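**Q** curious how this folds, go ahead:
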Amino acid sequence: MCTNGVNTGQFELMIDQIDDHIKLERRWAHNLGHKAGDAGFEQTCEKLHQAQALLDDVRAILDEAKDALEEDAENARGVTVNLV
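**A** Residues are numbered from 1 along each chain as shown. As a prediction, this is how the structure comes out:
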């Protein structure tokens with residue numbers, strides 16, 4: 001469906017692609033954090049786990065963006081085109 005010139009379905013898929021990318025980077029930060037911890041690099045381990053937590057926050061905000069997209073599309077006053 002297009003609303004105000006935005007294909008909302010495609011837009012949502014693009015947000016999902018960003019989320020998939022962040023999910024992968026989160027996994028890398030997690031794994032490297034454990035490797036650093038196992039090697040005795042405590043400060044590095046802590047920083048990587050902090051980065052992991054921030055990436056979790058990013059993913060949560062992306063979920064909120066998808067919800068906001070749906071709300072914005074429903075409340076838009078412009079032209080709406082449905083695929084038939």
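**Q** going forward, measure contacts between C-alpha atoms and count neighbours the same way
**A** Noted.
**Q** from His30, how far off is the residue nearest to Gly37 when sequence neighbours are not counted?
**A** Once flanking residues are discounted, Gly37 sits nearest to Cys45: 5.1 Å by C-alpha to C-alpha, 6 or more residues apart in numbering. Using C-alpha to C-alpha, to the nearest Å, Cys45 is found at 9 Å from His30.
**Q** please say which of these two ends up with more neighbours.
**A** Cys45 (22 against 19; other C-alpha atoms under 10 Å).
**Q** give me phi/psi at that one?
**A** phi -60, psi -50 (degrees, to the nearest 10).
**Q** isn't it right up against His34?
**A** Yes. Between Cys45 and His34 there is a contact under C-alpha atoms under 8 Å: 6.6 Å.
**Q** which residues in the protein form helices?
**A** According to DSSP state H, the chain carries its helices in the segments 8-38, 42-75.
**Q** any chance of JSON lines for these, columns mean pLDDT?
**A** Below are those laid out as JSON lines (pLDDT from 0 to 100):
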{"stretch": "helix 8-38", "mean pLDDT": "96"}
{"stretch": "helix 42-75", "mean pLDDT": "95"}
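**Q** residue most distant from the centroid, the chain?
**A** No residue in the chain sits farther from the centre than Gly40, which is 31.3 Å out by C-alpha atoms, centre = their mean.
**Q** phi, psi of that one?
**A** phi 90, psi 10.
**Q** measure it to Leu62 for me?
**A** Gly40 is 34 Å from Leu62, by C-alpha to C-alpha.
**Q** again, but for Gly37
**A** For Gly37, the distance to Leu62 - C-alpha to C-alpha - is 29 Å.
**Q** cool, and Asn7?
**A** 18 Å.
**Q** looking at those two, which one has more neighbours?
**A** Leu62 (18 against 15).
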